[in-house]
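Chemist: fold the following.
(chains A and B)
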Amino acid sequence: MTSATAAHSVVEPTTATRRFAGSLVVLYAIITMIPLAWIMLTAFKSPDDAISYPPKVMFKPSLEGFCNLFTTRSRQTPEFIRSLGPPQGLCDSIARSRNMVVAGPSNYVPRFINSLIIAFGSTVLAVALGTLSAYGFSRFRVPLKDDLLFFILSTRMMPPIAVAIPIYLMYRTIGLSDTRLGMILLYTSVNVSLAVWLLKGFIDEIPREYEEAAMIDGYTRFQAFVKVVLPQATTGIAATAIFCLIFAWNEYAFAVLLTSGNAQTAPPFIPIIIGEGGQDWPAVAAGTTLFLVPIVVFTVLLRKHLLRGITFGAVRK
Amino acid sequence: MIPVPGSVHAMNELSASSRITYRAVRVRPGVARRIRGLSDKTLAWLFITPTIVLLLAINIFPLLWTIYLSFTNYRANRANVPTIWLGADWYQSILTDPDIWAAMQVTAHFVIWTVVIETVLGFGLAYLIDKKFRGHGLWTTIILLPMMLSPAVVGNFWTFLYQPQIGLFNYVVAFFSGRDASSFQMLGDVTLSPWAIVIVDAWMWTPYVMLICLAGLRSIPDYIFEAAEVDRASKWRQFWSITLPMALPFIMLAVLFRGIENFKMFDMVNLLTGGGPGSTTEVASITLKRAAFESWRTGYSSAFAIILFVTVFGLANIYVKALNKVKSR
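Modeler: Residues are numbered from 1 along each chain as shown, chains lettered A, B, ... in the order given. Model prediction:
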């Protein structure tokens, strides 16, 4: 964008200004990254290191947090532990060094799988519905178009707890409480407003002439939509899908109020990982780290479309 | 806003057949020819109806139900007790309840402080990033990370950082201020706990405001500054007369989105303080959750939910009008 000639422009910042601005931004970025880095460090600490004072930056890495995250353990007498055979695997030997034996797997994996199923299920539905509606709103003359679009957006303004009250009663009546299907439908309804608004923006940018040319060549409107518009909108659809996925993945309020077991996702589960005598911070940190890694990857993938996504397509670059 | 009943019926029939036509188009072009007569109007409704139906089922029907419940004494944990129509009693008692007003005040303070801090920091950062120093793309992406994370997981982890004995936050503050790290409790102290939440919210959402402000700054064409340079306007003057007014619609948009979101804030507060100590951080969503899901006063909490919704909706509408005025200037 900045060509060689632009460097001499009067409005270009001087090198000193740039260095100064850069160092301030880098300083902010480093400060803001410390809590995140601390989460990831704590995941690899032993429980003693995690709660030491002053906080330890250098420590002996341990996988105990991850072991505690994935297993439940029970305290046993040393005699009983000695009577057992050799420890099975790393986690068992860590547990035994603390006079405990691994009792079984914890609930983290099922909760993580629930998160995956609900996030992907609702994303697929929301993006499918959103693409169709967005195309409809973008290309056809729909009566009360602006009212409908505003109605779709306004469903986002309800406080989640306010929505959860009737949904709780409704799901209890029709047997959807604490089911994955119920959560998928709920997240779809929240995400579809985002999907419609974002995708309408993306589809508006595809020239109508493409479809018109295809229709002159004998395609029906529907075929033109499938074979011409959809391939053109792939980037937009992918970006929208990632936004929906992130929302459903991160969602907490509905999950904590409407699920308790079967369909519980990871966000309400992670804060209640408790060890002996209070929260087991390395395990919580390990669960958090595993939970955040996909989001970090998605953020990097999405960086060009972030602005659009967070403003419902109101600001486009 | 909602189509007449007759057309809804027709639309349902159409959406039932849409799956068949879809397959037909993909698999057998011969059949597809038969639906070529499908007018654009029909197709438009086919495409839009499923979304509207879903929103009617999961958003509008529950909303209507909430409105109905808000006039009754219904309690979700005592479904067998006969429901009595109370009229607007709940609305009256909520609007005259000092505890509710206290919660609304806490919410307002929280919204104002977070939005002010995030806007100042976010705009400042955007202004610096707009200087396009080397590697600004990479650092921008890094700065954006916190806002993509789950507020619940973030809130939970900050409780660890805020621990008086072992927390990193307390350690750092103690290190720089020379105070004892366990002499103050960010989450347990009446004066500090609201700020504890504001700090986490600002940490998480400043990048959001920054991103929108950055778009605003980049939308200002260079030639305006060039003209100002020719007229020998000082940098200071350029900032106040060009940069700020031209970025204002974007800043206002960011404020709108942050304001609505923070008015609804639940996740982070619930995990950081749960509304405590006492009720110093009890924002409206927490009050609502306690009434609805802890004391199970469903009718009462429905009325409160409607009041909250009307408040957000009304404030947002007034604000959008102001925003449009600024935009059209």
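Chemist: okay, CA-based contacts and neighbour counts for the rest of this
Modeler: Fine.
Chemist: can I assume residue A:103 sits in a helix?
Modeler: No: going by DSSP: H, G, I helix; E, B strand; the rest coil, the assignment for residue A:103 is strand, not a helix.
Chemist: residue A:145 touches residue A:136, doesn't it?
Modeler: No: judged on Cα atoms under 8 Å, residue A:145 makes no contact with residue A:136 at a distance of 9.9 Å.
Chemist: quick one: which of the two has more around it?
Modeler: Neighbours around residue A:145 and residue A:136, counted as other Cα atoms under 10 Å in any protein chain shown, are more numerous at residue A:136. The numbers are 25 against 15.
Chemist: for the more buried one, what is the enclosing helix or strand?
Modeler: helix A:108-139 (DSSP states H and E).
Chemist: mind listing what's buried in that helix?
Modeler: A:108, A:110-112, A:114-138 (16 or more other Cα atoms under 10 Å in any protein chain shown).
Chemist: name the next helix or strand downstream of that helix, please.
Modeler: helix A:145-154.
Chemist: so how far is that following helix off the chain centroid?
Modeler: 26 Å (Cα atoms, centre = their mean, to the nearest Å).
Chemist: what's the angle from that helix to helix A:108-139?
Modeler: Note on geometry: by axes from the mean of the first three to the mean of the last three Cα atoms, to 10 degrees, helix A:145-154 and helix A:108-139 are set 170 degrees apart in direction.
Chemist: can you name every helix or strand that whichever helix or strand comes after helix A:145-154 contacts?
Modeler: The C-terminal neighbour of helix A:145-154 among helices and strands, as given by DSSP H and E, is helix A:160-174. Applying 3 or more Cα pairs under 8 Å, 6 or more residues apart in numbering or on different chains; DSSP states H and E, one finds that helix A:160-174 makes contact with helix A:253-258, helix B:61-69, helix B:284-293, helix B:298-328.
Chemist: residue A:127 against residue A:241, yeah?
Modeler: Yes: counting by Cα under 8 Å, residue A:127 does reach residue A:241; the two are 6.1 Å apart.
Chemist: find residues that contact each of those two.
Modeler: With contacts taken as Cα atoms under 8 Å, 6 or more residues apart in numbering or on different chains, the residues that reach both residue A:127 and residue A:241 are residue A:195.
Chemist: low-confidence ranges in the chain?
Modeler: Let's take chain A. A:1-10, A:276-277, A:317 (pLDDT under 70).
Chemist: wrong one, I was asking about chain B
Modeler: Within chain B, the stretches falling below the threshold (pLDDT under 70) are B:1-38.
Chemist: now do 80
Modeler: Along chain B, segments meeting pLDDT under 80 span B:1-40, B:79-81, B:181, B:276, B:327-329.
Chemist: quick check, central residue of it?
Modeler: Centroid-nearest residue in chain B: residue B:261, 1.9 Å away (criterion: Cα atoms, centre = their mean).
Chemist: and the helix or strand where that one lies, how far out from the chain middle?
Modeler: Here residue B:261, judged by DSSP H and E, is contained in helix B:244-263. Once both centres are worked out by Cα atoms, centre = their mean, helix B:244-263 turns out to sit 12 Å from its chain's centre.
Chemist: same question for stretch A:86-101.
Modeler: That offset, for stretch A:86-101, works out to 34 Å (Cα atoms, centre = their mean).
Chemist: if we go by neighbour counts, what in that stretch is buried?
Modeler: Neighbour counts using 16+ other Cα under 10 Å place A:91, A:92, A:93, A:94, A:95, A:96, A:99, A:100, A:101 of stretch A:86-101 among the buried residues.
Chemist: end to end on it, go ahead and measure it.
Modeler: Between the opening and closing residues of stretch A:86-101 lies a distance of 12 Å (Cα to Cα, to the nearest Å).
Chemist: outside of that stretch, which residues touch it?
Modeler: With contacts defined as Cα under 8 Å, 6+ apart, stretch A:86-101 is touched by A:64, A:67, A:73, A:74, A:75, A:76, A:77, A:78, A:81, A:102.
Chemist: give me the buried positions along stretch A:158-176.
Modeler: A:158-171, A:176.
Chemist: keep only the buried residues of helix A:108-139 that also lie close to chain B.
Modeler: A:129, A:130, A:132, A:133, A:134, A:135, A:136, A:137 (Cα under 8 Å from any Cα of the partner chain).
Chemist: right, I'll leave it there.
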